[in-house]
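In: here is the input, now give the coordinates:
(2 chains)
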There are 2 protein chains.
Amino acid sequence: MSIGGAGEPLLHGGDLGAARRLFPGAPEPFIDLSTGINPNPYPLPRFSADLFARLPEPAAVTAVAAAAARAYGALSAAHVVPAPGTQILLPLVGGLVRPCRAAIVAPTYAEHARAAALAGHEVESVREIDACRGAGLVIVGNPNNPDGRLHARAALLGLAKDLRDRGGLLVVDEAFMDVGPQEASLAADVSCGNVIVLRSFGKFFGLAGIRLGFALAAPALAARLGAALGPWAVSSPALAVGAKALADAVWRARTWRRLEKAAKRLDTILGNGGLDIVGGTSLFRLARTLEAGALFRHLGRAGILVRAFSDHPSWLRFGLPGNKREWQRLDDSLASFRDSRKSHRS
Amino acid sequence: MSIGGAGEPLLHGGDLGAARRLFPGAPEPFIDLSTGINPNPYPLPRFSADLFARLPEPAAVTAVAAAAARAYGALSAAHVVPAPGTQILLPLVGGLVRPCRAAIVAPTYAEHARAAALAGHEVESVREIDACRGAGLVIVGNPNNPDGRLHARAALLGLAKDLRDRGGLLVVDEAFMDVGPQEASLAADVSCGNVIVLRSFGKFFGLAGIRLGFALAAPALAARLGAALGPWAVSSPALAVGAKALADAVWRARTWRRLEKAAKRLDTILGNGGLDIVGGTSLFRLARTLEAGALFRHLGRAGILVRAFSDHPSWLRFGLPGNKREWQRLDDSLASFRDSRKSHRS
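Out: Here you go, the predicted model:
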C-alpha cells in the first residue's frame, strides 16, 4: 500500500521504522496508534536468567495451555495449542483441510487471505457468512478487525454445522474477543471437531513483542497443530508471563473497564475532530472521513502513526494513546488539522 | 523411550520435570547434562519494557538476519530466515519438496524423521551419504548429534549437485557447527539453490529459552520459508540479544576455546569413570559403556540427568557441567559408580 504518494509500503501496523522514513521531520517520540495493542501492558514479572538459558520444559507449556483454557473458556489444556503468536498458526490452520475454496469474511485482517493462499486454497472474499455456504474453509474475525463487526455465536455454530456435513473447517479469529462480549466466543464449542478459534495474547495484555497466541481446537486437531509446531515453539519468558497474566482475573477485569473507558474517550476526541466512528473494539476505533489521506499525513508529520487502508481510502484506524501526553498530542493534532481545513475552505 | 524400567518417556533432553519424577529422591539442584547447550550463556542485555510490548519491527528482523549472515558466513541477509528456534523450521523445510523418499543419515536428532514424515515423505534411515543417491530429500547433521560425525564440505556439495539434477533438496543441520570446523560449513554455498543450512542460536550462546534459529537458503527459498513464518515469528527479546551476540566476535572466540577446554576435561573425567568416548562436539560428548542403563540410574539418583538412547542402549551423551560444583558432583558420582561396580564384581 502506498500512502500519501511517498511510495512506502505500510502493510501492517506497528512499523515505526517505516513511519520515520515516511515522515522524517516528525517530532519524537513517535506515537504508534497504528495497532490494536493495549498501550498499558501487563506488568512483567522478574525473569530468572535460567528462563532464557534452558529449553522450555513440557510442564511450562502445559501450564500456559491450562491457564489459557480457563481464561478463554476452552474445555481443557488439551484443547489449547500455544504458539509464538497466532500469525504463525494461520498457514498451519489453513493446511488442516485439503486445498479448496476458502471464503474469508471481508474486510478483515489481510494476513488471512495470504496464509490461506499459501496453504493452497482458492481464496474468495465474501461480505456475509451466509455467502460462505459453498466453501470448504471459512475464516471470520469475531469481533472483526478493523470494523469491530460481531457475529452471533448461534450463527457461527450454524455455519460450522453446515461445513461439518461436507468436511469443511471454520476458523474464528477471536484476536480481540478479550474486549468483546464473551457470550459470542466459540472457545467452548471447538470440541464439535471442525472449529478452530484463534486467540491473541499480546493485544489485550499489551505484550506483542514476546509472541504468544493460541489455537483452540478439538484435541485431535490440536495435536496435529502441536506436532507441526514441535515441542519448543514458545519462548520460556512468553510461557512464564502468559501463565501468570492469563490467571490474573483482577487485572483482566480492571483492564477491560479501563479500555472501554479509553475507547469512549477516543470516540469523543475523534468526533470532535470531525470523524465518523464506523466501528471498532475497545482496543481500536475505525473512523471515516473523506480527508483520510490528508489526515494520515498531517498526523504523521506530527509524529502520530495511524493505520490507513488502501482498499478503503476513507478509513483510518486509531489505537489507544497510552498516557496523558499522547492523548494531548492526538487532541492537538486533530484540532490543528480541523483548523487548517477550515482556513483551506474559506 | 523407557529408561530404567520406570516407564517414563524421556524423548528429549532438558526435561528436568520428568527427571524429578523418575528420580524423586535425588538431591537438588538437579544438574542437567542431557542437552548440548552451553551452560555459560551470553550475558543478557538490559531489555527495555518497550521490547516486550511492541510488535517486532521489520528493521529488527533484518538486523538479526544480517548479523547471522556475517557470523555464519552466508552471502547476505536475504539468504537468512530467522525463526523461533530451528525446530519449527523442520516441517517447513521438508515441505519445500513434494512428498518423496527422504533419506536421513542416522543416527541423528530424532525430530528430523518425525518432521519429514509430517511433511508427507517416506522416511528412510541411511548410514552413509553415499546411500542417499536415490532420495529426493536428504537430511544430514554436520557435525552430527549425538556422535559428532563430520562430513567434508566437498562430499556434501557433490551430494547436493546429484540431488539438484533431479530436483532434490539437501538439508544440513549445522546446529553444532559453531564449535565445528568452519571450513566444513555449507553456509556460503546455499545460493546453489537446493541446499538449506540450519543454524541454532540457543546452543552455542546458551540461550535456548529465547527460541532463535535460522535457515540459510538461496533467496527464493528463503522467501518461501519466511512467508510461511509470517512477519513476527521471532520475539523482540530474541531479535535483540541475537543481533548483539552474533556480532560479538570476541565472546564467540573466547567461548569456542573455553568449550574446547571443557570438552577435554569432560573426556578425562568420563575416561576415569571407565567410559569410552566415541564421539561428540565441544558442547557434548558421546560415551559408551555396557553399563549405560545402570549408570544413567546411578547419576539420576545423584541428581544428574544425562541423555540415554533407546536404540543404542550402550550410549550416554553428556553435556558440559556449568560450574565447579557441577564438575565435582559429576566426578564424585562417576567415582562412586565405579566403586559400586568393583564391589559388585568382587
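In: for the residue most central in space within chain A, give me its contacts.
Out: Nearest residue to the geometric centre of chain A (Cα atoms, centre = their mean): residue A:175, 4.5 Å. With contact taken as Cβ atoms under 8 Å, 6 or more residues apart in numbering or on different chains, residue A:175 is in contact with A:36, A:86, A:109, A:141, A:145, A:198-200, A:203. Backbone N, C-alpha and C define where each C-beta goes, glycine included.
In: how does it look with 6 Å?
Out: With contact set as Cβ atoms under 6 Å, 6 or more residues apart in numbering or on different chains, residue A:175 has these partners: residue A:200.
In: again, but for residue A:249
Out: Counting by Cβ under 6 Å, 6+ apart, residue A:249 has no contacts.
In: what pLDDT does the model give it?
Out: Listed pLDDT for residue A:249 reads 97.
In: from chain B, how far off is it?
Out: 22 Å (Cβ to the nearest Cβ, to the nearest Å).
In: going along the chain, name the helices of chain A.
Out: In chain A, the helices defined using DSSP state H lie at A:16-22, A:49-53, A:58-72, A:89-94, A:111-118, A:153-164, A:219-229, A:236-246, A:249-272, A:292-301, A:324-345.
In: which bits of chain A sit near chain B?
Out: A:14-15, A:17, A:41, A:44, A:51-55, A:57-59, A:84-85, A:87-88, A:91, A:206-211, A:228, A:230, A:232-233, A:235-236 (Cβ under 6 Å from any Cβ of the partner chain).
In: any of those residues buried? List them.
Out: Buried subset of the residues of chain A next to chain B (neighbour count, 16 or more other Cβ atoms under 10 Å in any protein chain shown): A:14-15, A:41, A:44, A:51-55, A:57-58, A:84-85, A:87-88, A:91, A:206-211, A:228, A:230, A:232-233, A:235-236.
In: return the residues in contact with residue A:23.
Out: Shown in contact with residue A:23 (Cβ under 6 Å, 6+ apart): A:300-301.
In: distance of it relative to residue A:302?
Out: Counting by Cβ to Cβ, to the nearest Å, the separation of residue A:23 from residue A:302 is 9 Å.
In: with residue A:230 instead?
Out: Residue A:230 sits 45 Å away from residue A:302, going by Cβ to Cβ.
In: what do you get for residue A:199?
Out: Residue A:199 sits 35 Å away from residue A:302, going by Cβ to Cβ.
In: of these two, which one has the most company?
Out: Between residue A:199 and residue A:302, counted using other Cβ atoms under 10 Å in any protein chain shown, the more crowded position is residue A:199 (27 against 19).
In: does the more buried one touch residue A:214 like I think?
Out: Yes: contact criterion Cβ atoms under 6 Å: residue A:199 and residue A:214 qualify, at 4.5 Å.
In: burial count for residue A:331?
Out: By the other Cβ under 10 Å criterion, the neighbourhood of residue A:331 contains 17 residues.
In: residues in contact with it?
Out: By Cβ under 6 Å, 6+ apart, residue A:331 lies in contact with residue A:269.
In: how about residues contacting stretch A:253-263?
Out: A:179, A:282, A:320.
In: quick one: average pLDDT of that stretch?
Out: Stretch A:253-263 comes out at a mean pLDDT of 98.
In: try stretch A:234-245
Out: Averaging the model's pLDDT scores along stretch A:234-245 yields 98.
In: could you do stretch A:97-110 as well?
Out: pLDDT averaged over stretch A:97-110 gives 96.
In: of the residues of chain A next to chain B, which belong to strands?
Out: Among the residues of chain A next to chain B, none falls in strands (DSSP state E).
In: now stretch A:228-242: how far from the chain's centre is it?
Out: 20 Å (Cα atoms, centre = their mean, to the nearest Å).
In: just the terminal-to-terminal distance for that stretch.
Out: End-to-end span of stretch A:228-242 (Cα to Cα, to the nearest Å): 21 Å.
In: which residues does that stretch contact?
Out: Contact partners of stretch A:228-242, identified using Cβ under 6 Å, 6+ apart, comprise A:47, A:51, A:55-56, A:60, A:64, A:82-84, A:92, A:201, A:210, A:212, B:85, B:87-88, B:91, B:209-211, B:235.
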